[in-house]
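Trainee: everything below, folded, please.
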Amino acid sequence: SGLDQLDSRTMGKGGEGARKCPFDGDAAKKGLPSGMSAETIATVDATAGAVAPFALDITKDFYGDMIASLPSVVLTVFNPAHNVPISTHQPEALAASVC
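Mentor: Reported below is the predicted structural model:
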């Protein structure tokens, strides 16, 4: 079944866990941190309550601006049927992931 195929692609031998991400280590190669600093985490924690009520507005603007400024690039990656102005599916998914 489709679920069996998904499991075989995402699980290691015997189902012991997810496969290693092919992008692991890319951040270090590019001189980026591998995770957020304690200061960044504290800032996110301190501001989350103020940002959360506006998360959907922020993500709708983010996708709208991104599509307007680079449509030939963005629309090859993101399905326009899931984005503003047609839909708010993609912005809602992003907003939900950060709140």
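
Trainee: quick one: low-confidence parts of the chain?
Mentor: For the chain, applying pLDDT under 70 flags the ranges 1-19, 21, 99.

Trainee: just the strands from it, written as ranges.
Mentor: Counting by DSSP state E, the chain has no strands to list.

Trainee: what's around Lys20, how many residues?
Mentor: By other CB atoms under 10 Å, the residues close to Lys20 number 9. Using the backbone N, CA and C atoms, a C-beta is placed for each residue, glycine as well.

Trainee: gap between it and Lys30?
Mentor: Distance from Lys20 to Lys30, counting by CB to CB, to the nearest Å: 18 Å.

Trainee: for Met36, same thing?
Mentor: Remark: distance between Met36 and Lys30 (CB to CB) = 16 Å.

Trainee: which of these two has more neighbours?
Mentor: The neighbour count for Met36 versus Lys30, taken as other CB under 10 Å, is higher for Met36 (11 against 7).

Trainee: next up, the contacts around the most centrally placed residue in the chain.
Mentor: Closest to where the C-alpha atoms of the chain average out (CA atoms, centre = their mean) is Leu94, at 6.2 Å. Leu94 is in contact with 59, 62-63, counting by CB atoms under 8 Å, 6 or more residues apart in numbering.
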